[in-house]
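Visitor: here is a sequence together with a model predicted from it:
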Amino acid sequence: TMPKEPAVLRQNILDTTAAILACGIDPNKCFLFRQSLVPEHAELAWILGCLTNVPRLLRLPQWKMKRASQNSEGTVGLLTYPVLQAADILLYKSTRVPVGEDQVLHLELAQDIAQHFNKKYGEFFPVPKAILSKL
């Protein structure tokens, strides 16, 4: 949600890919792709954003904390990031999502969005359940 220099962003993508592979993810057994090259993520985020009310997003603690740390009113990208996360989950019709405690409210937003969409347009998205990581 913060602007990055293009060269730094490209290097971050390469570094993240290398770290994923170094952790033992086998590209012969899973799909590894750059999300920004899949336009359906942004397209679904737009659709879901049109179904999500702003007061709900403003209540999320992550918005409040990050906005305060930026010493500003925050950006639209920061505010709507949880809707993009919901699109990331729902696009693949995920049923179980590994999350940390700090992301439970974002997953609850994804659940609510899925239920609202399904009520309005018919059963389409499964309502994802959290798999809480234990650290």
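Guide: Nice, I can see it.

Visitor: tell me where this protein has helices.
Guide: 6-22, 39-49, 54-58, 61-69, 76-91, 104-121 (DSSP state H).

Visitor: name the stretch among these that sits most buried.
Guide: helix 76-91 (a mean of 20; mean count of other C-beta atoms under 10 Å). All C-beta spots, glycine's among them, are computed from the backbone N, C-alpha and C.

Visitor: that one - contacts with which helices or strands?
Guide: helix 39-49, helix 54-58, helix 61-69, helix 104-121 (3 or more C-beta pairs under 8 Å, 6 or more residues apart in numbering; DSSP states H and E).

Visitor: got JSON lines for the ones you listed, with mean pLDDT too?
Guide: Putting the helices and strands packed on helix 76-91 into JSON lines (pLDDT from 0 to 100) gives the following:
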{"stretch": "helix 39-49", "mean pLDDT": "97"}
{"stretch": "helix 54-58", "mean pLDDT": "92"}
{"stretch": "helix 61-69", "mean pLDDT": "76"}
{"stretch": "helix 104-121", "mean pLDDT": "96"}
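
Visitor: tell me which of those approaches residue 95 most closely.
Guide: When the helices and strands packed on helix 76-91 are compared by C-beta to C-beta, helix 104-121 sits nearest residue 95, at 10.6 Å.

Visitor: helices or strands up against that closest one?
Guide: Here helix 104-121 touches helix 54-58, helix 61-69, helix 76-91, strand 96-99, strand 129-132, going by 3+ C-beta pairs under 8 Å, 6+ apart.
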